[in-house]
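1. Show me the folded form of this:
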Amino acid sequence: MCFLLAWVGSLSIALIFFSGHASGFLVNRFGCRVTTLLGGFLCALSLGVSSLAKNILMLYLTYSVLYGMGTSCVFSASLNIISKYFKKRRSMATGIVTCGQGGGVLILGPILQTMIDTLGWQTTYRIMAGVVLFICLSGLTYSPNVQIEGAENASLEVKSKGCHIDVSVWREPKFVAVVVSASVMMFGHYVPQIHLVNTHINIQSTCMLQT
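-> The predicted model follows:
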């Protein structure tokens, strides 16, 4: 049973990055603002519908697929909009955004656990569905007029060839090496962190019982 539950979150995380081609296409086709609005709506819809789930199989669809796709759209748009607004200090801006993601997880972890213990997981999902809608508000601040120099010409060139996904990047050995190594790393990236917490809790419980 625990194995099946673990797959719900694992598939969601996998889809965030695996569906990068689809979310990247949406960013190029409709822009960062529309893609963020779509992603925020999918995330809110996912959390709201997941609170009504009666079994794990339903969660695979409502949470794993919907939330994974929605987060992928928001993630791709948030990184892409940085390159549109910043040129000289792009690395610093990207670092600040990624720090915000890590800090958000650090803060939300104990908050969500407290909410689940107090209100239950279904009510927590519904509250988070409302909170996630603020992503749509942040997406409205993205200016549709901000463009990278030459981006429109590159888009027209791709469309003229009848191709919507640029695969030429796979001819770059450095890019392929990074993708392959990152893929192997991500297989075990989250596993030690999750099991380390369980191990620590079990050790604490054992020490308390012994005393």
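
2. which residue sits closest to Val176, ignoring its sequence neighbours?
-> Leaving aside its chain neighbours, Val176 sits nearest to Trp170 (6.2 Å; criterion: CB to CB, 6 or more residues apart in numbering). The C-beta positions use only the backbone N, C-alpha and C, and glycine is treated the same way.

3. Quick check: next helix or strand after the helix or strand encompassing Ser10?
-> According to DSSP states H and E, Ser10 maps onto helix 2-18. As assigned by DSSP H and E, the chain's next helix or strand after helix 2-18 is helix 20-30.

4. could you dump stretch 59-75 to PDB, C-alpha only?
-> Coordinates of each C-alpha in stretch 59-75 appear next as PDB, following Å, rounded to 0.1, in the frame of the first residue of the first chain:
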ATOM      1  CA  LEU A  59      -5.200  10.300  -7.400                       C
ATOM      2  CA  TYR A  60      -2.900   9.100 -10.200                       C
ATOM      3  CA  LEU A  61      -5.100  11.100 -12.600                       C
ATOM      4  CA  THR A  62      -6.200  14.000 -10.500                       C
ATOM      5  CA  TYR A  63      -2.800  14.600  -8.700                       C
ATOM      6  CA  SER A  64       0.000  12.800 -10.500                       C
ATOM      7  CA  VAL A  65      -1.000  13.900 -14.000                       C
ATOM      8  CA  LEU A  66      -2.800  17.200 -13.500                       C
ATOM      9  CA  TYR A  67      -0.600  18.600 -10.900                       C
ATOM     10  CA  GLY A  68       2.600  17.400 -12.700                       C
ATOM     11  CA  MET A  69       1.500  19.000 -16.000                       C
ATOM     12  CA  GLY A  70       0.400  22.200 -14.200                       C
ATOM     13  CA  THR A  71       3.600  22.600 -12.300                       C
ATOM     14  CA  SER A  72       5.600  21.900 -15.500                       C
ATOM     15  CA  CYS A  73       3.900  24.800 -17.200                       C
ATOM     16  CA  VAL A  74       4.600  27.200 -14.200                       C
ATOM     17  CA  PHE A  75       8.200  26.000 -13.900                       C
END
